[in-house]
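A.B. asks: 3D model of this:
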Amino acid sequence: MTSPNKDISKVLWNDDPIRNGYQSDEQYHEHIIEQYKLYVEMADRISSRRDIANTFFLTLNGLVLGSAGLLIEKSFSLSQKWALIFPLAVLLLQCFFWNRLINSFKQLNGVKFYIVGELETRLPASPYRKAEWETLLKEGKDRKVYWPLTHVEAKIPWIFGSAYLIAVIILCLST
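C.D. replies: Below you'll find the predicted structure:
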């Protein structure tokens with residue numbers, strides 16, 4: 001991940017561990033490992049929350065599409081086509097906020113994994129930043145190697161929003 005703040009190591013690390021009350025370097029490194037584990041867990045929880053939010057919005061949109069299909073099947077007629085404006089606005093706002101939520105999770109997790117990488121500078125190995133992200137996944141810059149999930153999932157709300165807009169336009173133009 002590219003650095004959200006090149007000076008993060010200046011604010012991440014506290015003063016010399018011995019002056020911070022650590023009795024030994026070993027105790028200091030044990031605490032780094034514990035903080036590392038905790039931070040990786042927190043980043044994983046953000047991913048789980050993102051998955052739950054996406055499931056909610058996919059279910060909501062599935063219900064909307066299913067309801068629309070049911071209305072069409074039952075030959076529902078719309079005498080006042082302008083009445084579609086309010087539901088369309090609600091659906092488009094829902095898609096907009098879904099997209100913003102995805103981007104927010106992307107930013108939050110990106111920062112968390114950047115900090116995980118910084119913590120790895122004090123550990124014997126760097127599995128996330130150097131091995132996985134920078135070396136194997138090429139920082140998500142090459143789609144042939146890896147296309148980050150958030151790049152894909154951020155397009156889904158726009159697809160639903162576009163489909164709703166097109167459907168309303170077709171309904172309004174039909175006789």
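A.B. asks: for the chain, which helix is longest?
C.D. replies: Longest helix of the chain, by residue count under DSSP state H: helix 25-73.
A.B. asks: what is the rounded mean pLDDT of it?
C.D. replies: Taken as a whole, helix 25-73 has a mean pLDDT of 89.
A.B. asks: If you count contacts, what does it end up packed against?
C.D. replies: On a contact count with 3 or more C-beta pairs under 8 Å, 6 or more residues apart in numbering; DSSP states H and E, helix 25-73 meets helix 85-120, helix 156-173. (C-beta placed from N, C-alpha, C; glycine too.)
A.B. asks: can you tell me which of those comes nearest to Ile32?
C.D. replies: Ile32 sits nearest to helix 85-120 of all these, at 6.5 Å, using C-beta to C-beta.
A.B. asks: Can you check what angle separates that closest one from helix 25-73?
C.D. replies: Relative orientation of helix 85-120 and helix 25-73, computed by axes from the mean of the first three to the mean of the last three C-alpha atoms, to 10 degrees: 160 degrees.
A.B. asks: Quick check: mean pLDDT of helix 85-120?
C.D. replies: Taken as a whole, helix 85-120 carries a mean pLDDT of 92.
A.B. asks: May I see the buried residues of it?
C.D. replies: Within helix 85-120, the residues scored as buried using 16 or more other C-beta atoms under 10 Å are 88, 91-92, 94-95, 98-99, 101-102, 105-106, 108-120.
A.B. asks: That helix: what's the following helix or strand?
C.D. replies: Later in the chain than helix 85-120, the nearest helix or strand by DSSP states H and E is helix 149-153.
A.B. asks: Contacts for that next one, please.
C.D. replies: Asn54, Ile102, Asn103, Phe105, Lys106, Gly140 (C-beta atoms under 8 Å, 6 or more residues apart in numbering).
A.B. asks: buried set for stretch 50-62?
C.D. replies: Arg50, Asn54, Phe57, Asn61.
A.B. asks: now the second one: how far from Pro157?
C.D. replies: With the distance defined as C-beta to C-beta, to the nearest Å, Asn54 ends up 10 Å from Pro157.
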